[in-house]
Structures are given as structure tokens and as C-alpha cells.
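A.B. asks: please work out how this folds:
(one chain, ligands or ions: 2)
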Amino acid sequence: MCNFASVKLHIIQPMKIYKFGGASVKSAEGVRNLERIVSQANDNLVVVISAMGKMTNALELVVNSFFNHKPDLSDNIKAVVNFHDSIISDLFPDENARKVVNASVEKLYADLNAIVSNKPSLSYDFEYDRIVSFGELLSTTIVAAYLRHRAINAEWVDIRRCLITDNNYREGNVSMEISENLCREAFLGKKLSITQGFIAGTPTNQTTTLGREGSDYTAAILANLLDAEDVTIWKDVPGVMNADPKLYKEVEIIPVLSYKEAIELSYCGASVIHPKTVKPLQNKQIPLYVRSFINPSEPGSKICRYNQHLTLPPIFIHKKNQVLLSLTPRDFSFIAEERLSKIFGILASYRIKSSLVEMSAISFSLCMDYNEVTFNKMIEELRDEYEVLYNTDVELITIRHYTPEIAQRITANHLIYVEQRNRLTARFVVPV
Ligand code: ASP
Ligand code: MG
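C.D. replies: Ligands and ions are numbered 1, 2, ... in the order given. Below is the predicted model:
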């Protein structure tokens, strides 16, 4: 028998997710601007924030000096501390207010110092996650304190206790099953929560991260788990543009894009959203807005389900810092399925993602992000079986919705190493 009196009534309150990246909180003025944007929202809000400015890069230097026992460790920590302290002094000129935030921030500095005063473990990736995560812990602590100082009731949530991954450090795989209830308990029904992008935790409370630039992905996963109404990513650009304004004279904002278009664009290297962001949103049909934190009244771009044909302008994406690798089996055997699966296995073990693949009978070419150290290790392994040739300093140009004339114009003065075209997309690997 069902006892209605014991059934808890859950009123579903609309909930939105806002995500602010490092560029939006790189200064005290950025934090004040965030406060203006957040204070205008009427719905319940989860605000996901990245590390301030370039603090993740600065913390990577800390990890490197710690792990490799270098003497610049304390200077590198000082740089992180000074950066945050100067934002705090600007935000809280009043000494009493500053004392409150300093108490929490000093605790984080002490935790970081405690980690680096011990010997590193043998796992670089484990150390990386527990150190680099301080960027997001510090940024959210400062922002939450500032909002409270401005009489906005914001709750700081440590996402490592509710967004749960495996222990694949530096690229944790989120368990949606374990995280769902924990996240719902942590965020639902609350007016305003401030939490960290990019970082997460294992079931045994170790800190993990989701891969560089992963805060967009955090926002998307939370939206999925909380059944949010929509997600807004606040950026320093007015929306999704058809080209980088630094490279092209005439650019335009694309007001509406389908999930499919957005995932293709980000996969090709459009840096406007992280490629993993689209899936959790598409799976629950949650719209994603990309808007400017500089002009918050502008509508920006909307990414959503769109079945009809959308006429889109040509979209140009330049993926820089690529390397083009060509492999030829030393014994002159075909590049057959078994070989391919071995090659991809090696790529995966180095966490290398290929951005373009081309093959012929006995040669296999791949374009991928270039990281000198990892790349050199990988080709050493491949050299056992393959003759290896490569070009660094190449870029991958993608033109979505191209016309032959446009493709011709863009590549006119370039030597082209590889060219691929299908009905919608033309791609060129060219030297820079
Ligand atoms: N702070 C992290 C990074 O810079 C995550 C992010 O910004 O999305 O990679
Ligand atoms: Mg960042």
C-alpha cells in the first residue's frame, strides 16, 4: 500500500549551469564582472569555474619542479601565491573582509606546501592532479568569498566529493552512475553553488582531473546529471565564430548550431568548446549557449537539437602545433587491420589523439598534436617495425561548408602535404 503522507514532494526547480573559464577570472575586474552576471540570474544556478588566468600552466611548473627535484620549486609556488594574493587585495581592500578569505586561502596554500614538502610518489600523473587542482580550488574559494562579501549567498562545493572518476589520473573517466546521486544531493534545490571545473575525485578521495581545458566538460556533465535547463559558457568571444578574428578580416557569429555541427567543429580544433562537452548535453537535449562575458546582454550562439537544414557560412579552423607522421612497414607488408589496431594501441598508450588519418597500401599518415617529449618516445617504439618520417611545424586547416573556390583561395600560397575532402569538409595539412 502506498502511504502518500510519506512520499516526499520534490518540486523540480529550474536549474541552470554557468561556466566561467580562466580568462573570465584572470583579474579582480573579471571577478567583479562575474558577480554582476551571476547576480542577474533568477534561476537556481551552479557556477563552474576554472583556475584564474594562466594558473594551470603555473601549477604545471610547480609539478615539474617538485617531481624532478628542481631548485625553482619555491619560486614557482611563490608565483602562484602572489598572483592570487594580488587579486585578493584588489577585491577586498577592507582588512576585516580580507581576513575571512585569507583564512581559507592560507589553508589551501598550507595544503599545497604540505604536499611538496614530502617526496613525490612514483606516479607523475597522480602528483600532477593533486597539485594542479589547487588552481580551481583557489579560484572558487576566492570567488565564493567575494560573492558572500557582496551579500550574495553562495555555497562553495568541493566537486571532488561528488563528481567521481576512476583513477586514470590526468584524464579521469567520470562514473555517471556513482556521481548522479552525489551531485544531485550537492546541488539540487540550492539557489547558488560555486564549484570547480576540470577536477574530480576517486571513490577513495584522491584528486583527479579531466584533461586540460576540461571545465566545459564538467559543466556539461553536471547539466546532464542535474537535468539542467541549459548551460551557458561565458567567453571572451561573442559566440561561436566562423573563423578566428585574429586570422581573418571578415568573421561572423553563428547564432544557432546543431549538436552535430558543434561536435565536428570542436573535434577539428575549434577551441570555443572542449570536444567532450557536446555528448552529455546532446544525450539529454540540453541547449548550450556560448556568450560573451564582456557584453553579457548579447545573445551569443546557441547549440541545440536541430534537424532541419541550417545554412551555415564557411567555417575556418586552424589547428596549430601539429605533427605529420608517416609510417611504412619495414618488411613492405600491407597496412592491414591488425597493424592499424596495433598502431592505434600505441597512440592510445601515449594518450595521443590523431586529428587526421590517411592510408595507402604500405604507408600510413597521421596528423596529431605535437608534444616533443611524448612524440619522441612514441616514435622510438614505432621504429622497431616502421620506417618513420615526420614533419613538425605543420598546421591542419579545416573548412566546413567549403566551396571549391574558397578552398582554392585559402590554400593558394601553401605547399599541401595532405588533402582530404568530402561533401561538407575540406582539410589540408600544410607547413606553417
Ligand atoms: N584550468 C584548466 C586548464 O587550464 C581547465 C580549464 O580551463 O578548462 O586546462
Ligand atoms: Mg584554463
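A.B. asks: and residue 206, its phi and psi?
C.D. replies: phi -90, psi 150 (degrees, to the nearest 10).
A.B. asks: burial count for it?
C.D. replies: Residue 206 has 16 neighbouring residues, counting by other C-beta atoms under 10 Å. (C-beta placed from N, C-alpha, C; glycine too.)
A.B. asks: which helix or strand contains the nearest residue to it once chain neighbours are set aside?
C.D. replies: Nearest residue to residue 206, sequence neighbours excluded (C-beta to C-beta, 6 or more residues apart in numbering): residue 167, at 6.4 Å. In the assignment (DSSP states H and E), residue 167 maps to no helix and no strand.
A.B. asks: next helix or strand past the helix or strand harbouring residue 88?
C.D. replies: In the assignment (DSSP H and E), residue 88 maps to helix 73-91. Scanning forward in sequence from helix 73-91 by DSSP H and E, the next helix or strand is helix 95-116.
A.B. asks: between helix 73-91 and the helix or strand following that next one, find me the angle.
C.D. replies: Using DSSP H and E, the helix or strand that follows helix 95-116 towards the C-terminus is helix 124-132. Following axes from the mean of the first three to the mean of the last three C-alpha atoms, to 10 degrees, one obtains 30 degrees for the angle between helix 124-132 and helix 73-91.
A.B. asks: what about residue 213, distance to residue 362?
C.D. replies: Distance of residue 213 to residue 362, given as C-beta to C-beta, to the nearest Å: 37 Å.
A.B. asks: neighbour count for these two, which is higher?
C.D. replies: Comparing residue 213 with residue 362 by other C-beta under 10 Å, the one with more neighbours is residue 213, at 19 against 14.
A.B. asks: quick check: pLDDT value at that one.
C.D. replies: Residue-level confidence at residue 213 comes out at 94, pLDDT.
A.B. asks: now it, nearest residue through space, not along the chain?
C.D. replies: In space, residue 213 comes closest to residue 274 once its chain neighbours are excluded; the distance is 5.1 Å by C-beta to C-beta, 6+ apart.
A.B. asks: can you tell me the SS state at whichever residue of the stretch 151-300 of the chain sits closest to ligand 2?
C.D. replies: Proximity of the stretch 151-300 of the chain to ligand 2 (C-beta to the ion) peaks at residue 213, 6.0 Å away. Here residue 213 is coil, with the state taken from DSSP: H, G, I helix; E, B strand; the rest coil.
A.B. asks: could you look up the SS state of the closest residue in space to residue 411 that isn't next to it in sequence?
C.D. replies: The shortest distance from residue 411 to any non-neighbouring residue, by C-beta to C-beta, 6+ apart, is to residue 428 (5.4 Å). The local conformation at residue 428, judged by three-state DSSP, is strand.
A.B. asks: for whichever residue of the chain sits closest to ligand 2, list the residues it contacts.
C.D. replies: Closest residue of the chain to ligand 2, C-beta to the ion: residue 22 (3.5 Å). Residues near residue 22 by C-beta atoms under 8 Å, 6 or more residues apart in numbering: 50-56.
A.B. asks: one more time with 6 Å, if that's ok
C.D. replies: 50-51, 53 (C-beta atoms under 6 Å, 6 or more residues apart in numbering).
A.B. asks: residue ranges for the strands of the stretch 251-400 of the chain, please.
C.D. replies: Remark: strands assigned in the stretch 251-400 of the chain by DSSP state E, counting those that start in this stretch are 256-258, 288-292, 301-304, 315-329, 354-359, 364-369, 386-400.
A.B. asks: picking that back up, ramachandran coordinates for the residue nearest to residue 213?
C.D. replies: Per-residue torsions, residue 274: phi -70, psi 140 (degrees, to the nearest 10).
A.B. asks: can I get the strands of the stretch 251-400 of the chain in JSON lines with mean pLDDT?
C.D. replies: Below are the strands of the stretch 251-400 of the chain laid out as JSON lines (pLDDT from 0 to 100):
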{"stretch": "strand 256-258", "mean pLDDT": "95"}
{"stretch": "strand 288-292", "mean pLDDT": "98"}
{"stretch": "strand 301-304", "mean pLDDT": "97"}
{"stretch": "strand 315-329", "mean pLDDT": "96"}
{"stretch": "strand 354-359", "mean pLDDT": "92"}
{"stretch": "strand 364-369", "mean pLDDT": "95"}
{"stretch": "strand 386-400", "mean pLDDT": "96"}
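A.B. asks: got JSON lines for these, with mean neighbour count and distance to residue 234 too?
C.D. replies: Shown next, in JSON lines, are those (neighbours: other C-beta atoms under 10 Å; distance: least, C-beta to C-beta, whole Å):
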{"stretch": "strand 256-258", "mean neighbour count": "19", "distance to residue 234": "17"}
{"stretch": "strand 288-292", "mean neighbour count": "22", "distance to residue 234": "6"}
{"stretch": "strand 301-304", "mean neighbour count": "22", "distance to residue 234": "12"}
{"stretch": "strand 315-329", "mean neighbour count": "20", "distance to residue 234": "22"}
{"stretch": "strand 354-359", "mean neighbour count": "16", "distance to residue 234": "27"}
{"stretch": "strand 364-369", "mean neighbour count": "21", "distance to residue 234": "26"}
{"stretch": "strand 386-400", "mean neighbour count": "18", "distance to residue 234": "25"}
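A.B. asks: so for residue 270, which of these sits nearest?
C.D. replies: Using C-beta to C-beta as the measure, strand 315-329 is the one of the strands of the stretch 251-400 of the chain that comes nearest residue 270, at 4.9 Å.
A.B. asks: give me the contacts around that closest one.
C.D. replies: Residues from elsewhere that reach strand 315-329 (C-beta under 6 Å, 6+ apart): 242-243, 268-270, 362-367, 370, 386-387, 389-392, 394-400, 417, 429.
A.B. asks: and the angle for it with strand 386-400?
C.D. replies: Relative orientation of strand 315-329 and strand 386-400, computed by the same axes, to 10 degrees: 160 degrees.
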